[in-house]
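Asks: got a predicted structure plus its sequence, pasted below:
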Number of protein chains: 12
Amino acid sequence: MSDRVYKKLEIVGTSPNSIEEAVANAISQASKTVRELRWFEVIETRGDIVDGKVSHWQVTVKIGFALES
Amino acid sequence: MSDRVYKKLEIVGTSPNSIEEAVANAISQASKTVRELRWFEVIETRGDIVDGKVSHWQVTVKIGFALES
Amino acid sequence: MSDRVYKKLEIVGTSPNSIEEAVANAISQASKTVRELRWFEVIETRGDIVDGKVSHWQVTVKIGFALES
Amino acid sequence: MSDRVYKKLEIVGTSPNSIEEAVANAISQASKTVRELRWFEVIETRGDIVDGKVSHWQVTVKIGFALES
Amino acid sequence: MSDRVYKKLEIVGTSPNSIEEAVANAISQASKTVRELRWFEVIETRGDIVDGKVSHWQVTVKIGFALES
Amino acid sequence: MSDRVYKKLEIVGTSPNSIEEAVANAISQASKTVRELRWFEVIETRGDIVDGKVSHWQVTVKIGFALES
Amino acid sequence: MSDRVYKKLEIVGTSPNSIEEAVANAISQASKTVRELRWFEVIETRGDIVDGKVSHWQVTVKIGFALES
Amino acid sequence: MSDRVYKKLEIVGTSPNSIEEAVANAISQASKTVRELRWFEVIETRGDIVDGKVSHWQVTVKIGFALES
Amino acid sequence: MSDRVYKKLEIVGTSPNSIEEAVANAISQASKTVRELRWFEVIETRGDIVDGKVSHWQVTVKIGFALES
Amino acid sequence: MSDRVYKKLEIVGTSPNSIEEAVANAISQASKTVRELRWFEVIETRGDIVDGKVSHWQVTVKIGFALES
Amino acid sequence: MSDRVYKKLEIVGTSPNSIEEAVANAISQASKTVRELRWFEVIETRGDIVDGKVSHWQVTVKIGFALES
Amino acid sequence: MSDRVYKKLEIVGTSPNSIEEAVANAISQASKTVRELRWFEVIETRGDIVDGKVSHWQVTVKIGFALES
């Protein structure tokens, strides 16, 4: 029986509200086209500013999923 | 017409409640003296502990703003 | 009088809800066996995914505490 | 209305002439199959040497594009 | 004649036996769907532990392949 | 006689043409308000893409200048 | 029911033969005093040289284990 | 009552004698124009060489100070 | 005969006078409870400022010691 | 037949004009005394400033060459 | 009596079989021209791929040796 | 007239007393065989411990010198 292999995608999720919601959006979008998502790693957190306030959080995550052998 | 140039400031925002609020405080304070704030990058997240609980989140951000040419 | 010395522990807190709660859980657990916790540093933020949603946030923190001289 | 989500690809462009041309080649190639390219980040610059001269610049870029929601 | 362009994939290979076998598994799996694999870079080496022994090596590699122009 | 002290600013220069021109623009802008600029360090190179081509190079530099004692 | 919390130890395993054996030795030693070892991360690989040959591989790993709540 | 916000400056202190003195010079110079200096972080240590000896230590520090709310 | 295994502790030593003394204090404190200390690695150098002068150097070191097999 | 072994040198090339020319100068100089140069990796890009303009680009490259077995 | 001084070389060893053999080849080659090799540090592990299999492991090591005073 | 080119050596100086003296020893030794030493960069600071005290500081520096064109 062969050993599992995984692939990582690098996705940037955005949200006006929080880091957690930006990550959730990234994962939600990835899950539309990829099955077997298993884990994520936060790589970078940044955002844009409008009128002296955070307009959008932009969080880069690597998302790992199992390849079908 | 000349190309835009930006400057980055390194600011530490604090909050007893959340990373997001600490970042918002950093940006809010910067916006008091600098116009044209455009984006931020989270550089470091840390905090102090009092009585076994997070007392303050201390989040270092780089904040970019457009210089007036 | 001697100078203070501190030790850092590396702890991974988890939470289904937020980064802040995962950190709070790490600190809460550490405070059960170690006194004089003083500060923390977020080292890594990741998590696992179940059914296309974040199942648990896994946040690695270094926690500093004062050694008794 | 949902928040935008982006994906990053890691591409290595090459050119015998310059870093800028190597990046342009990477982007040009990516644009053949992906729409909505938005930004790039230079990750690594290297190259091979033939007869004591730069033969090809090899520049690794991450290229971000908007996913269609 | 245009300059070659390459793409990098980020793959995690696993093996109960060795780092080398984990890498070989990652490459073998990638070669099922991608032609023209050229090189790899080891990014991270980790694994899980069961009963005080390494159960699986988990090695993240970036794998470069030539895009067809 | 006291020893020289320097300060570093973090500036992002932009240019539609090249990395070198983006750096030159950053330095030129800084020299409008600061005297005694001495050196620069390239920290990050990125840019935005419009219609499958580099629209602007965005190069972050740290610029060092001598403080007057 | 509370969320799991983990602790990481930093251990250097050594072996005259291979990286894998050095890691296995680190884990084996840690398992003598700590239960519930779950995963490891290779941090650094180095070694000493005697008579122009590798004498010992010295591999630093972080080893994670579950704290009992 | 609002939360404290801090700003970091990046300063290079120099000294012919020691790292400590170079840092002290950086802080001393910064204190001439900024009040409420609170902490420093050593970022880089380098220097120039004249006649086979260290001529000057050049130590880059980030210096944090409290912004007045 | 089994191969030696080492453990690393992360300790922050402090001193009003010098980096060297801060490191010595960290090692001295560690040696009160751990035998077989072998080496140290300086990880971070920082400090606090009072009245425009360095009040304490805070130096983080990793200290390695041999585990008894 | 033995496997090839390579050595890397770390060279800083300079040029008043461009990054590419600074790299070319580094390689050209290295090729005067070393044969079999094969590849280079750009490690750092910086430069000095005179009268508000880039005076020299200073680009550090690692240059790899084959050792003769 | 003067203190020992060491020099580090950066060497890339290759092997079709394993990381360990690639490192051994690097050290073996270095030992032909340099005496007093003492230790090595693995800096980078990569390789090339031919026909969907690892063709050669390419492991960059820094090798330290004692300079004769 | 051609542009200056520099080479960097990586040297580890040692001293029982201080970081500064370890660096001085590294530079002093390098100056025995290389002329035109210009600058150094501290890369790593570590040391060995004997009887609960620092036995030797081991400081890795990169030393730059001008190549003769």
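Replies: Here it is on my side, so go on.

Asks: not counting sequence-adjacent ones, nearest residue to the closest residue to chain K within chain A?
Replies: With CB to the nearest CB, the shortest gap between chain A and chain K falls at residue A:5, namely 13.3 Å. No exception for glycine: its C-beta is placed from N, CA and C like everyone else's. Distance criterion CB to CB, 6 or more residues apart in numbering or on different chains; nearest residue to residue A:5, sequence neighbours excluded, is residue E:29 at 4.0 Å.

Asks: any residue of stretch A:43-55 up close to chain B?
Replies: Yes. Using CB under 8 Å from any CB of the partner chain, a contact is recorded between stretch A:43-55 and chain B, made by A:44-49, A:52-54.

Asks: buried residues in that stretch?
Replies: Neighbour counts over stretch A:43-55 (16 or more other CB atoms under 10 Å in any protein chain shown) mark A:45-47, A:49, A:54 as buried.

Asks: output these in CSV; the columns should cover pLDDT, secondary structure and distance to residue K:14.
Replies: Below are the buried residues of stretch A:43-55 laid out as CSV (pLDDT from 0 to 100; DSSP: H, G, I helix; E, B strand; the rest coil; distance: CB to CB, whole Å):
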residue, pLDDT, secondary structure, distance to residue K:14
A:45, 98, strand, 39
A:46, 98, strand, 39
A:47, 98, strand, 44
A:49, 98, strand, 49
A:54, 98, strand, 49
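
Asks: out of those, the closest to residue K:39 would be?
Replies: residue A:45 (37.9 Å; CB to CB).

Asks: return the residues of chain A in contact with chain H.
Replies: So chain A never meets chain H (CB under 8 Å from any CB).

Asks: which residue does chain A have closest to chain H?
Replies: Closest point on chain A to chain H, by CB to the nearest CB, is residue A:52, at 13.3 Å.

Asks: report the contact partners of that residue.
Replies: B:27-28, B:31, B:37 (CB atoms under 8 Å, 6 or more residues apart in numbering or on different chains).

Asks: out of these, what pair is the most spread apart?
Replies: Checking those with CB to CB, the most distant pair is B:28 and B:37, at 9.9 Å.

Asks: specify the beta-bridge partners of residue A:40.
Replies: residue A:63, residue C:47 (DSSP bridges).

Asks: quick check: it vs chain F, distance?
Replies: 23 Å (CB to the nearest CB, to the nearest Å).

Asks: with just CA atoms, put stretch A:37-51 into PDB.
Replies: Presented in PDB, the C-alpha positions along stretch A:37-51 are these (Å, rounded to 0.1, in the frame of the first residue of the first chain):
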ATOM      1  CA  LEU A  37      -8.400  19.600   2.600                       C
ATOM      2  CA  ARG A  38      -6.500  18.700   5.800                       C
ATOM      3  CA  TRP A  39      -4.600  21.600   7.300                       C
ATOM      4  CA  PHE A  40      -3.500  25.200   6.800                       C
ATOM      5  CA  GLU A  41      -0.500  27.300   7.800                       C
ATOM      6  CA  VAL A  42      -0.700  31.100   8.100                       C
ATOM      7  CA  ILE A  43       2.200  32.600   6.100                       C
ATOM      8  CA  GLU A  44       1.500  36.300   6.100                       C
ATOM      9  CA  THR A  45      -1.000  38.800   7.600                       C
ATOM     10  CA  ARG A  46      -1.500  42.200   6.100                       C
ATOM     11  CA  GLY A  47      -4.300  44.400   4.900                       C
ATOM     12  CA  ASP A  48      -5.300  47.700   3.300                       C
ATOM     13  CA  ILE A  49      -6.400  50.900   5.000                       C
ATOM     14  CA  VAL A  50      -9.100  53.200   4.000                       C
ATOM     15  CA  ASP A  51      -9.900  56.400   6.000                       C
END
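
Asks: shouldn't residue A:25 be within a strand?
Replies: No. Residue A:25 is assigned helix when assessed by DSSP: H, G, I helix; E, B strand; the rest coil, not a strand.

Asks: these two touch, right, it and residue A:16?
Replies: No. Here residue A:25 lies out of contact with residue A:16, judged by CB atoms under 8 Å, at a distance of 10.6 Å.
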